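Visitor: Turn this into a structure:
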Amino acid sequence: MTGWWSQTITVGYEQARGLRAPGQQRDGGFSAAASRTVAVPAARLYEAFADETARTRWLPDIEVRVRTTTAPRSFRADWAGGPTRIVVGFDAVGESKARVSVLHEKLTGAEQAAELKAYWRERLAALKALLESNGDNR
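Guide: Numbers count the residues shown, from 1 in each chain. Now for the predicted structure:
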C-alpha cells in the first residue's frame, strides 16, 4: 500500500470517528484546497498569480505579500496581511493546458476552511473564464 493511500485511509478513519474535522491537518491546524484546469500554458497561468496587475483582474481587493516563486511551477504568499498563507502549484497538462492547485494554510477552523474552499473555487472559475476568453488582453 502506498503512503498516499495509507494517509487517505487514516484521514477517512479519523474523520469518521470525529477525531479530525474536514480540512484539519495532522497538527490540528486547518487548510482549504481548490484546483482548476485552464486551457492556457502553465507559464501564462503562473503569470496570473505572480504579476500583480494580472492578479488584481481576477482577485480584486486582496492584498498578498509574495514570499517565494519559482516560475512557472509555484507561488507562495502571505494572505491579506494576516497569519494565513497560500501555496499555489502549476502543472502542465499538455502544451496548451495547465492545472492550478491552491492550498490556503493556517486557518482558524473548519468554518473558515469551508468558506475559503468555496471562495477559491469561485475565484479559480473567474480566472479560468478570464484567461480562456482572452479577456486579460495577452
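Visitor: Nearest residue to the middle of this structure?
Guide: Residue closest to the average C-alpha location in the chain (Cα atoms, centre = their mean): residue 102, at 1.0 Å.
Visitor: Strands of this structure, start to end?
Guide: Secondary structure of the chain (DSSP state E): strands located at 30-38, 64-70, 74-79, 85-92, 98-107.
Visitor: State the paired neighbours of the longest one in the sheet, together with their directions.
Guide: When pairs are called by DSSP bridges, strand 98-107 turns out to pair with strand 30-38 (antiparallel), strand 85-92 (antiparallel).
Visitor: Could you dump these into CSV with mean pLDDT, distance to residue 117 and mean neighbour count added?
Guide: (Each C-beta comes from the backbone N, C-alpha and C, glycine too.) Listed next are the strands paired with strand 98-107 as CSV, based on pLDDT from 0 to 100; distance: least, Cβ to Cβ, whole Å; neighbours: other Cβ atoms under 10 Å:
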stretch, mean pLDDT, distance to residue 117, mean neighbour count
strand 30-38, 95, 4, 19
strand 85-92, 97, 13, 19
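Visitor: Any regions of the protein where pLDDT drops low?
Guide: Applying pLDDT under 70 to the chain flags residues 1-5, 7-8, 10-12, 14-15, 17-26, 135-138.
Visitor: Touching, the residue nearest to the centre of the chain and residue 34? I think so.
Guide: Yes: Residue 102 sits in contact with residue 34 when judged by Cβ atoms under 8 Å, with a separation of 5.3 Å.
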